[in-house]
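Q: structure for this input, please:
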Amino acid sequence: MTFHSTEVIDDSFQAGNLCATDVSASAAGPGTALGDLLVLDLTRILSGPFATMTLADLGADVIKVEQPGTGDDTRQWGPPFQGDEAAYFLSVNRNKRSLAVDLKTAEGLQIVQDLARRADVVVENFRPGTAARLGVGYEDLARENPGLVYASISGYGQTGPDAERAGYDAIAQARSGIMSVTGEADGPPVRVGVSSADLVAGMWATIGILAALHEKQRTGAGQWVDISLLDGSVSWLTYVSSGYFASGEIPKRYGSAHPTIAPYQAFPTADGFVMVAVGNDSLWRKYAAAIGRQDLAEDERFASNPSRVAWRETLIPLLEQVMRTRTTAEWVAVLDAAGVPVGPIQTVDQALRDPQVLARNMVSELVHPTAGPMKVVGCPVRLTRTPPSVRTAPPMLGQETDEILGELGFNADRIRALHMNGAVQ
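A: Residues are numbered from 1 along each chain as shown. Below is the predicted model:
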């Protein structure tokens, strides 16, 4: 059964000079960019499912392989639950089909290997070595399908002294240095509020898969994509690491502020907080005038960004005193009118009701067989002819098992026998 999204997806951009080329409607449409790809998803938890959901949003046929009886661990990660499913699981498993098969049985392993021979992509996030022990490692599957793009996501990658260690998001955030620069200056290191190491690994996996598929078009050969949570988080250090390489100074925490730009941070208002981003000296002069402190713009200590950074501890308390005099909404209106980048610091519920977020189709609705009507965060990729689409609700455990086995050529009697001996659910 297919559960369709109520989301309306535009096939063109309303702003800028981008326009779609003249292609027949039958050749392109929502969710068709990767419509010719079969992806075998051996992942669970967050990093892998996030990567495969992105491929599914872009049109790939993603078959999620799960253990009978329990399925993906996150099916039980609650509360909160919606219907019989944990909200965590529902967040990263839409647009997929669930095949519940026991890889530890000969029949179950054979089913997955048969699917892998047909697949364009296999994604797994077991600890290194586990997939090979189960008989679904890269070398096992590529031997039968040399064009296979096989992606592995792990804590530390397939090589190096820590390759076989179990990887967790919080540990990757800690080891990568991300936590050391997150939090208030006088407080302890803080984990990012979402599982950033898992999510960035999922994003890099998607990028690596698409790069490997592109190269395969030229050569016909597949390859192994090796992604680690630690590598991905280190890659996010960007200008923080560059500053260290340049100066030798160990980066520190600045809370919501920026280490090399001022003022560029959150300010308390009369009723909340507002984020102000004064990215250059022209914006500084506009900002000072808008808040009624033109004198600060004329003060030589604050005339340029390097001097404002140097005098940060003097400048920021002066600005905080002014910013407390009006509400967040008032400051947003004043600074918007002055052309100064500004935004309210919204709670999650406010962000998900933001008119701009809604206008960009970043909240979609689906109907789940047990959870009923449900909302999901949409895909942020915008393509003029083949935009991603939110089509089907996250599957129940084994929801498409019989359907997928039928596509492999199994008849009803054989499928029934597999259910009876516990190889599938």
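Q: list the strands paired with whichever strand or helix holds residue 123, with their directions.
A: Using DSSP states H and E, residue 123 maps to strand 121-124. Strand 121-124 has its sheet partners listed here by DSSP bridges as strand 38-42 (parallel), strand 149-154 (parallel).
Q: tell me the most buried of those strands?
A: strand 149-154 (a mean of 27; mean count of other C-beta atoms under 10 Å). C-beta coordinates here come from the backbone N, C-alpha and C atoms, glycine included.
Q: assumed residue 256 was part of a strand.
A: No - Residue 256 is assigned coil when assessed by DSSP: H, G, I helix; E, B strand; the rest coil, not a strand.
Q: leaving out chain neighbours, which residue sits closest to it?
A: Nearest-residue entry for residue 256: residue 266, 3.9 Å, with adjacent residues in sequence omitted and distances by C-beta to C-beta, 6 or more residues apart in numbering.
Q: quick one: the helices in the stretch 301-425 of the chain?
A: 305-310, 312-323, 328-338, 348-351, 355-359, 401-407, 412-420 (DSSP state H, counting those that start in this stretch).
Q: for those, which one sits closest to residue 144?
A: Residue 144 lies closest, by C-beta to C-beta, to one member of the helices of the stretch 301-425 of the chain: helix 401-407, at 18.0 Å.
Q: list the buried ones in the closest one?
A: Buried residues in helix 401-407, counting neighbours by 16 or more other C-beta atoms under 10 Å, are found at 401-402, 404-405.
Q: need the strands paired with strand 121-124 in CSV with distance to residue 53, can you?
A: Output for the strands paired with strand 121-124, formatted as CSV (distance: least, C-beta to C-beta, whole Å):
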stretch, distance to residue 53
strand 38-42, 9
strand 149-154, 13
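Q: closest to residue 344 out of those?
A: strand 149-154 (35.0 Å).
Q: next SSE after the closest one?
A: That would be, after strand 149-154 and using DSSP H and E, helix 169-176.
Q: and the average pLDDT for that next one is what?
A: Helix 169-176 carries an average pLDDT of 98.
Q: repeat for stretch 205-221
A: In this model, stretch 205-221 has a mean pLDDT of 98.
Q: show me where the stretch 1-150 of the chain has its helices.
A: 47-57, 87-90, 106-118, 130-134, 138-144.
Q: can you say which of the ones you listed is packed in most?
A: Mean neighbour counts for the helices of the stretch 1-150 of the chain (mean count of other C-beta under 10 Å) peak at helix 47-57, with a mean of 28.
Q: without its sequence neighbours, what residue ends up closest to the residue nearest to the spatial centre of the chain?
A: The residue lying closest to the centre of the chain (C-alpha atoms, centre = their mean) is residue 199, at 4.4 Å. Once flanking residues are discounted, residue 199 sits nearest to residue 50: 5.8 Å by C-beta to C-beta, 6+ apart.
Q: how near is the one you found to residue 368?
A: 19 Å (C-beta to C-beta, to the nearest Å).
Q: ok, residue 235 - contacts?
A: 200, 204 (C-beta atoms under 8 Å, 6 or more residues apart in numbering).
Q: which of the strands paired with strand 121-124 sits closest to residue 223?
A: Of all these, strand 149-154 comes closest under C-beta to C-beta, at 6.5 Å.
Q: now that closest one: average pLDDT?
A: The model assigns strand 149-154 a mean pLDDT of 98.
Q: so that strand versus helix 106-118, what angle?
A: Orientation check (axes from the mean of the first three to the mean of the last three C-alpha atoms, to 10 degrees): strand 149-154 against helix 106-118 gives 120 degrees.
Q: need the contact list for residue 58.
A: By C-beta under 8 Å, 6+ apart, residue 58 lies in contact with 31, 33-34, 379, 381, 386, 388.
Q: ok, and the most crowded of these?
A: residue 388 (26 neighbours; other C-beta atoms under 10 Å).
Q: quick one: closest of the strands paired with strand 121-124 to residue 373.
A: strand 38-42 (25.4 Å).
Q: what distance separates that closest one from the middle of the whole chain?
A: Computed by C-alpha atoms, centre = their mean, to the nearest Å, the separation of strand 38-42 from the middle of its chain amounts to 18 Å.
Q: with stretch 136-155 instead?
A: With C-alpha atoms, centre = their mean as the basis, stretch 136-155 stands 23 Å off its chain's centre.
Q: repeat for stretch 307-319
A: In terms of C-alpha atoms, centre = their mean, the gap separating the centre of stretch 307-319 from the centre of its chain is 35 Å.
Q: what does it contact?
A: 257, 260-263, 265, 267, 284, 291, 293, 296, 300-302.
Q: okay, stretch 295-302 in PDB with CA atoms only?
A: C-alpha atoms of stretch 295-302 as PDB (Å, rounded to 0.1, in the frame of the first residue of the first chain):
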ATOM      1  CA  ASP A 295      28.600  57.300  18.700                       C
ATOM      2  CA  LEU A 296      29.900  53.800  18.800                       C
ATOM      3  CA  ALA A 297      30.400  53.700  15.100                       C
ATOM      4  CA  GLU A 298      32.500  56.900  15.500                       C
ATOM      5  CA  ASP A 299      34.600  55.400  18.300                       C
ATOM      6  CA  GLU A 300      38.000  54.500  16.800                       C
ATOM      7  CA  ARG A 301      38.100  51.400  19.000                       C
ATOM      8  CA  PHE A 302      35.200  50.000  17.100                       C
END
